[in-house]
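**Student:** For reference, the sequence and a predicted model appear below.
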Amino acid sequence: MLLALQTTANPGWFAAARSWLAARPALETAAGILALFFLAWLAGVVTRRYLVRLVERLTAKSPIDWDDVVAHHGVFRRLAQLVPLAMVYYGIDLVPNVPPGVYETIESIALVLMAWTVMRSADGLINAFGQIYEGLPAAKDRPIRGFLQLFKIFLYVMGAILIVAIVFQQSPLALLGGFGAMTAVLMLVFKDTILSVVASIQIASNDMIRIGDWVEMPKYGADGDVTEIALHTVKIQNWDKTVTTIPTHAFSSDWFRNWRFMSESGGRRIRRDLYVDQSTIRFLGEEEIERFRRFALLRDYIAGKEATLAEANRPIEEAHEDPVNARRLTNVGTLRAYIFNYLKAHPQIKQDMTLLVRQREPTPDGLPIQLYCFTATTKWAEYEGIQSDIFDHIMAIVPEFGLRVFQHPSGEDLRELRVGVETRGTPVT
């Protein structure tokens, strides 16, 4: 090492310094180690500041995209850390008079850090490969995220075994043999812990839950905010202020709903049915159509429908067929158009998200008219208020269309029926 520092500028001074250090072996060893560390640090700085930046600039200018993804996941920066570590590992042989214990310690630390750096670089490369694959059309039908996670687990397990082998200066194959013999005992004793560790890795890598997320898990009766995520348990404070404790591994094996993504979208869904009495559905007469023109939300709909129906019914009129064959407006179709336009004009409904008013399959409870839209807020109280106001208005406007909201007969309905029958003189038993 000291020979590498010799220059031709002042050979006498260098020779004198070497002679002085040679007379003091401990000081010579310390100076050599410090010089080695300094050169390794300097090589790391040069590699990171110049070589890595040069590689990243070249990848940014290249016509292919995959190298940009690899650079984005920090693979090149992590690999650059191998340069100073390799210099320490191979350069320690050049330092004179290094005690065996110090030599082995420095070499082992360098090897451990090199193994960890390779593991981290491989992890970044796997992430980059996953991102590149997700951009391919085949990724929609053949996702590989689970396989990548399994490969990561295998990578870190093998890396951990290698690091332990380096620390204890044993063969990795011998550790693998002993590990295989103890696998059954470890699985039996630490089954829950192993499941929790694997689940924690999956939860973290997939960003499944976070502190503060609104999570719903019916199997455990949980519906509230996540307050704590530990190795073995996840605590959820329900809306009634009770706390439900759920095993961590349950979030990777059981069904649950996370409302965080709804909150991040900025809109909360309304999907509710309005049941219309089917006996009140009919065609609209001319007078009713004229009356509906005064509805600001129906003017364009009426005009457009009249033009469409006139075009569709022209062959029927020319053939002098019975008017029953003609297409006509219905009161329930006009109601759907009114509700749709009402939602389109509502200031608290997000117009850039799905919005539709559809008719579903008739049921014994009536004809369902479903409202499907999203509010412009995700706050619970405001959402419920907006939803209630919308249905207050719709149920109040339904009679204007000659329709009736269906409901099962109540005691008041039966009482009125009884009074009506008795009024006509028919005895009621």
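**Tutor:** Yep, it's here. Numbering: from 1, shown residues only.
**Student:** Could I get the buried residue list for the host helix or strand of Val83?
**Tutor:** Per DSSP states H and E, Val83 falls inside helix 82-91. For helix 82-91, the buried set under the neighbour-count rule, 16 or more other Cβ atoms under 10 Å, comprises 82-85, 87-89, 91. Bear in mind the C-beta positions are built from the backbone N, C-alpha and C, glycine included.
**Student:** How about stretch 372-385?
**Tutor:** For stretch 372-385, burial by neighbour count (16+ other Cβ under 10 Å) applies to 372-378, 383.
**Student:** Give me the subset of those residues that lies in strands.
**Tutor:** When DSSP state E is applied, the buried residues of stretch 372-385 are split such that 372-375 fall in strands.
**Student:** still on that earlier bit, mind giving me TSV with the buried residues of stretch 372-385 and columns for distance to Ile144 and pLDDT?
**Tutor:** As requested, the buried residues of stretch 372-385 are arranged in TSV below (distance: Cβ to Cβ, whole Å; pLDDT from 0 to 100):
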residue	distance to Ile144	pLDDT
Tyr372	34	95
Cys373	36	94
Phe374	32	94
Thr375	37	94
Ala376	38	92
Thr377	38	91
Thr378	33	87
Tyr383	38	93
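**Student:** wait, which of those residues is closest to Arg57?
**Tutor:** Comparing the buried residues of stretch 372-385 against Arg57 with Cβ to Cβ picks out Thr378 as the nearest, at 42.4 Å.
**Student:** ok, now how distant is that closest one from Asp240?
**Tutor:** From Thr378 over to Asp240 the distance is 21 Å, taken as Cβ to Cβ, to the nearest Å.
**Student:** in the stretch 251-400 of the chain, which spans are helices?
**Tutor:** Shown for the stretch 251-400 of the chain, the helices assigned by DSSP state H, counting those that start in this stretch span residues 260-265, 286-292, 299-318, 331-344, 380-397.
**Student:** Pick the most buried one from those.
**Tutor:** For these, average neighbour numbers computed from mean count of other Cβ atoms under 10 Å are highest in helix 331-344, which has a mean of 20.
**Student:** which residues are in contact with that helix?
**Tutor:** By Cβ atoms under 8 Å, 6 or more residues apart in numbering, the list of residues contacting helix 331-344 from outside reads 276, 280-284, 288, 292, 295, 297-298, 301, 349, 351, 355-359, 367, 369, 371, 373, 390, 393-394, 397-398, 401-403.
**Student:** Which helix or strand in this protein has the lowest average pLDDT?
**Tutor:** Least confident helix or strand of the chain, by mean pLDDT, DSSP states H and E, is helix 11-22 with a mean of 59.
**Student:** where does the stretch 101-250 of the chain dip in pLDDT?
**Tutor:** When the per-residue scores of the stretch 101-250 of the chain are filtered using pLDDT under 70, the ranges that remain are 139-143, 146, 174-190.
**Student:** related to what we said a few turns ago, tabulate the helices of the stretch 251-400 of the chain (a markdown table), appending distance to Pro63.
**Tutor:** Written out in a markdown table, the entries for the helices of the stretch 251-400 of the chain read as follows (distance: least, Cβ to Cβ, whole Å):
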| stretch | distance to Pro63 |
| --- | --- |
| helix 260-265 | 35 |
| helix 286-292 | 61 |
| helix 299-318 | 50 |
| helix 331-344 | 45 |
| helix 380-397 | 48 |
